[in-house]
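Enquirer: Pasting the sequence and the predicted coordinates here, then a few questions.
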Amino acid sequence: MNLFNRLLIVLLSIVAVVFWMAIFLITVIWPGQFLGYMGDWVAFLDVRGHYWQLMLGSGILTILVALVSGALLVLEFSSGEPETIQLAQVSGGTASITASAVVERVLHDVEQVPGVHQAKLKVSPQDKAMNLQVDLVADSTADYTALTEDVCTVVRQVVEGKMGLRLKDGPRVVIRQSRRPIRSASPSAEERVNQ
């Protein structure tokens, strides 16, 4: 389907360029005749009562062409393959994992850290590594320094230790404060990761 989209877009682009170049050349080479012909044509259609039908038909055709062109552009630029990150610790071949799988796995473990109410992750693959940002909604009574260290520890242990991926830089943690305290009986980050 992707090849079909590309060929169709190239074909439509060539047709559009040839058409508008022809119109341009005709208006430059024979401006009086072209404008006279167009004026006679519009007057003919107006006398026959077809002018408004032509305008309506042209409008509908324009809308259809715009919709088809928009749909083709969306299909052309939509991501066909998911973003993947190459595993660092594979011998004898190469393996990669989708960014969405990384997000699900890390998100599960980060949300188990005491003091974390909610977490969102942004993963951006770069070369054979990745950058990771963790957006947290944290307990209003939490020690944010200790919480950040716990989250970074969990992220590193899961991503580098369990999943075999490389972080380009350390995880970036952005904390927003929750409006109410969070009560959690979860074990500490290190206890949970070492299980």
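Expert: Nice, thanks for sending it over.

Enquirer: right, and the helix or strand after the strand or helix carrying A22?
Expert: In this structure, A22 is located in helix 2-29 according to DSSP states H and E. Once the chain leaves helix 2-29, the next helix or strand it forms, by DSSP H and E, is helix 31-48.

Enquirer: Please name every helix or strand in contact with that following helix.
Expert: The contact analysis (3 or more CB pairs under 8 Å, 6 or more residues apart in numbering; DSSP states H and E) places helix 31-48 against helix 2-29, helix 51-77. The way it works is simple: take the backbone N, C-alpha and C, and place the C-beta from them, glycine included.

Enquirer: circling back to that earlier point, okay, buried residues for the helix holding A22 please.
Expert: N5 (16 or more other CB atoms under 10 Å).

Enquirer: average pLDDT for that helix?
Expert: Average pLDDT, helix 2-29: 77.

Enquirer: relative to helix 51-77, how tilted is that helix?
Expert: Angle, helix 2-29 to helix 51-77, by axes from the mean of the first three to the mean of the last three CA atoms, to 10 degrees: 140 degrees.

Enquirer: chain center to helix 2-29, what's the gap?
Expert: 29 Å (CA atoms, centre = their mean, to the nearest Å).

Enquirer: try stretch 163-182
Expert: 22 Å.

Enquirer: Grab the CA positions of it and hand them over as PDB.
Expert: Written as PDB, here are the backbone C-alpha positions of stretch 163-182 (Å, rounded to 0.1, in the frame of the first residue of the first chain):
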ATOM      1  CA  MET A 163      15.400  -5.500  29.100                       C
ATOM      2  CA  GLY A 164      18.900  -5.200  27.800                       C
ATOM      3  CA  LEU A 165      18.500  -1.700  26.400                       C
ATOM      4  CA  ARG A 166      20.800   1.300  26.700                       C
ATOM      5  CA  LEU A 167      19.900   4.700  28.000                       C
ATOM      6  CA  LYS A 168      21.700   7.500  26.100                       C
ATOM      7  CA  ASP A 169      21.500   9.800  29.100                       C
ATOM      8  CA  GLY A 170      20.000   9.200  32.600                       C
ATOM      9  CA  PRO A 171      16.200   9.200  32.800                       C
ATOM     10  CA  ARG A 172      14.700  12.700  33.000                       C
ATOM     11  CA  VAL A 173      12.100  13.000  35.700                       C
ATOM     12  CA  VAL A 174       9.500  15.700  35.800                       C
ATOM     13  CA  ILE A 175       7.400  15.900  39.000                       C
ATOM     14  CA  ARG A 176       4.000  17.400  39.500                       C
ATOM     15  CA  GLN A 177       2.500  17.500  43.000                       C
ATOM     16  CA  SER A 178      -0.700  15.600  43.700                       C
ATOM     17  CA  ARG A 179      -3.400  17.600  45.500                       C
ATOM     18  CA  ARG A 180      -3.900  14.900  48.100                       C
ATOM     19  CA  PRO A 181      -1.600  12.500  49.900                       C
ATOM     20  CA  ILE A 182      -1.300   9.000  48.500                       C
END
